[in-house]
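Trainee: Okay, sequence plus prediction incoming.
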Amino acid sequence: MDQNAFVVKTLTKKEYFSAGHRACAGCGEVLAVRLVQKALGRNVIVASATGCMEIVSSPFPLTSWKVPWIHIAFENAAAVASGIEAGLKVLRRKGKIDSRKITVAAMAGDGGTADIGLQALSGALERGHDFVFVCYDNEAYMNTGVQRSSSTPFGASTMTSPAGSLWSGQMTWKKNMPAIAAAHGIPYVATACPSYPLDLITKVKKASAIDGPSYLHILSVCPSGWGIPSDTTVKIGRLAVESGIFPLYEIENGKLQITVAVEKLIPVERYLQPQTRFRHLQPATIAVIRERVKQNWQELLLQSNTTQKEDKNG
């Protein structure tokens, strides 16, 4: 049985993030959350930072969560998850709870991960807490009106990085959070996208099973913030991967492996053009983006090939 068939056969039919939430039509983040929760199962405690998912899933007195879930401040998902994990250890040691595996999961958007939450995340990774941190990256502060974050891609127009006659939107490159997480020497780091659900689920299960901190960075397409039709979410996610804009890979014990191979990258224009946040880009700017994507892809290929050679040589 191949890996994909095994994932499908063993995936639960139960839903731990229920329908009836208030997310926008076509929300890629909801697709990701649903898949992550199915992969984690019922023995999980989720610490959820303020953001879109907190707003849409927990309007008092209702909730979409069918597992223990804690809403916390914008900046401290990793800190609260660290406390939960430490508390579970104490309860086990005192015999207050049994020894079953309980996954502690922290979740935040790109703002709560790469910006305001980075300090708490770095500390938790450095201390080696046994938890899974999931960044749902929709590439801006969508919940409060599409303001730029350090995860906003170069050239994108947002409310706080508007395109105009003097500026072409966001003027800095997207922060490489997976590389920052991996630099802490943690056991597992991976990128994922709900447009590739089996790849995503496999990585979540692996992250949960590993002893120690794991970091998952999930591209979460946002129709309203990116300016695309709500029925194109999965398509845009695939274009992000196929163009090399958002490659899918994992770093396990320091070794990088590309998990969704792309034989030949499609033109970045096919990804950029459908989105209104990029409609102002001129050919010269697109050429700069294309060259940057090509360079990043070549570096990933080199790292992945190096890992394969090392494995073959024992």
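Mentor: Thanks, I have the structure now.
Trainee: in this structure, which helix has the most residues?
Mentor: helix 283-312 (DSSP state H).
Trainee: so how far is that one off the chain centroid?
Mentor: 20 Å (CA atoms, centre = their mean, to the nearest Å).
Trainee: looking at this, residue 149 is in a strand?
Mentor: No - going by DSSP: H, G, I helix; E, B strand; the rest coil, the assignment for residue 149 is coil, not a strand.
Trainee: where along the stretch 151-300 of the chain do the helices fall?
Mentor: Assigned by DSSP state H, counting those that start in this stretch, the stretch 151-300 of the chain shows helices spanning 177-182, 197-209, 223-226, 233-242, 269-272, 283-312.
Trainee: which parts of the last one are buried?
Mentor: I take that to be helix 283-312. By neighbour count with 16 or more other CB atoms under 10 Å, helix 283-312 contains the buried residues 285, 286, 289, 290, 292, 293, 297, 300, 301, 304, 307. (C-beta placed from N, C-alpha, C; glycine too.)
Trainee: Most widely separated two among those residues?
Mentor: 285 and 307 (33.6 Å; CB to CB).
Trainee: Dig out what the residue nearest the centre of the chain forms beta bridges with.
Mentor: Geometric centre of the chain, nearest residue: residue 218, 2.0 Å, by CA atoms, centre = their mean. Note on residue 218: beta-bridge partners by DSSP bridges are residue 136, residue 192.
Trainee: residues touching it, list them.
Mentor: Counting by CB atoms under 8 Å, 6 or more residues apart in numbering, residue 218 makes contact with 32, 36, 134, 135, 136, 137, 191, 192, 193, 194, 200.
Trainee: Least confident secondary structure element in this protein?
Mentor: In the chain, the helix or strand scored least confidently by mean pLDDT, DSSP states H and E is helix 3-10, which has a mean of 70.
Trainee: which outside residues touch stretch 300-313?
Mentor: 247, 249, 255, 256, 257, 258.
Trainee: Can you pick out the most distant pair from those residues?
Mentor: Farthest pair in these (CB to CB) is 247 and 255. Separation: 15.7 Å.
Trainee: Give me the subset of the contacts of stretch 300-313 lying in strands.
Mentor: Members of those lying in strands (criterion: DSSP state E): 249, 255, 256, 257, 258.
Trainee: tally of neighbours for residue 188?
Mentor: A count of neighbours around residue 188, defined by other CB atoms under 10 Å, yields 23.
Trainee: That one contacts residue 214, doesn't it?
Mentor: Yes - counting by CB atoms under 8 Å, residue 214 is a contact partner of residue 188 at 4.2 Å.
Trainee: shared neighbours of those two, anything?
Mentor: Residues touching both residue 188 and residue 214 by CB under 8 Å, 6+ apart: 206, 207.
Trainee: tally of neighbours for the closest residue to residue 151 other than its chain neighbours?
Mentor: Closest residue to residue 151 apart from its sequence neighbours, by CB to CB, 6 or more residues apart in numbering: residue 110 at 3.5 Å. Applying other CB under 10 Å, we find 27 residues neighbouring residue 110.
Trainee: distance of residue 110 from residue 304?
Mentor: Distance from residue 110 to residue 304, counting by CB to CB, to the nearest Å: 25 Å.
Trainee: do residue 42 as well
Mentor: 35 Å.
Trainee: Just confirm residue 108 is within a strand.
Mentor: Yes - checked against three-state DSSP, residue 108 lies within a strand.
Trainee: Neighbours of the nearest residue to it once chain neighbours are set aside, how many?
Mentor: Leaving aside its sequence neighbours, residue 108 sits nearest to residue 49 (CB to CB, 6+ apart; 3.8 Å). Residues lying near residue 49 (other CB under 10 Å) number 27.
Trainee: contacting residues for residue 49?
Mentor: When contacts are counted by CB under 8 Å, 6+ apart, residue 49 touches 72, 73, 74, 75, 76, 77, 106, 107, 108, 109, 112, 117.
Trainee: Low-confidence ranges, the stretch 1-150 of the chain, go.
Mentor: Within the stretch 1-150 of the chain, the ranges that satisfy pLDDT under 70 run 1-3, 5-6, 8.
Trainee: for it, what spans make up the strands?
Mentor: 44-49, 69-72, 103-109, 132-137 (DSSP state E, counting those that start in this stretch).
Trainee: Next, format those strands as TSV and append distance to residue 274.
Mentor: Formatted as TSV, the strands of the stretch 1-150 of the chain follow (distance: least, CB to CB, whole Å):
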stretch	distance to residue 274
strand 44-49	29
strand 69-72	34
strand 103-109	22
strand 132-137	19
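Trainee: Among the ones you listed, which comes closest to residue 181?
Mentor: Of all the strands of the stretch 1-150 of the chain, it is strand 132-137 that lies closest to residue 181, at 7.8 Å by CB to CB.
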